[in-house]
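Peer 1: sequence first, then the predicted structure:
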Amino acid sequence: MTETMVETSTWIKACSTSDIPENGGAAVELNGVQIAIFNFTLQGEWYASQNMCPHKMQFVLSRGMIGSHGTDCEPKVACPFHKKTFSLKTGSCLSGDDYSIKTYPIKIEEGNVYISA
């Protein structure tokens, strides 16, 4: 007998798409965790990560500068205080430091932003 494992995701409504500025970010609190949500309007993409920058343990990433890194245009966010940059796809630090951030699956439906918990 073969068992099949099925992973299910729980999607939580985080906010309305209108709550997140174009080409910027904002923070929401879901289940006691601050999550930064980013709207890359120019690319038509959305990303979510922890809001806390692991460098100085400050809840500021949602106010960071977003952009792209390298020739593959990896989406990134830079901490607004110390400019440590993180991939919004993998969470890895792109500044060469030994830090990383948690990223979350995100989806947009009917004008709402959902995060997978």
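Peer 2: Yep, that arrived. Quick caveat, the model's predicted, so the values are computed rather than measured. Numbers count the residues shown, from 1 in each chain.
Peer 1: for the most centrally placed residue in the chain, which three-state class applies?
Peer 2: Among the residues of the chain, the one closest to the centroid is Ala48, at 2.2 Å (CA atoms, centre = their mean). Recorded secondary structure, Ala48: strand (DSSP: H, G, I helix; E, B strand; the rest coil).
Peer 1: which residues touch it?
Peer 2: By CB atoms under 8 Å, 6 or more residues apart in numbering, the contact set of Ala48 is 14, 35-38, 103-106, 115. C-betas here are computed from N, CA, C, even on glycine.
Peer 1: I'd like to know which helix or strand in the chain has the lowest mean pLDDT.
Peer 2: Across the helices and strands of the chain, mean confidence by mean pLDDT, DSSP states H and E is lowest for strand 65-69: a mean of 88.
Peer 1: all helices for the protein, in order.
Peer 2: For the chain, helices defined by DSSP state H do not occur.
Peer 1: give me the below-cutoff pLDDT ranges for it.
Peer 2: By pLDDT under 70, the low-scoring segments of the chain are 1-8, 71.
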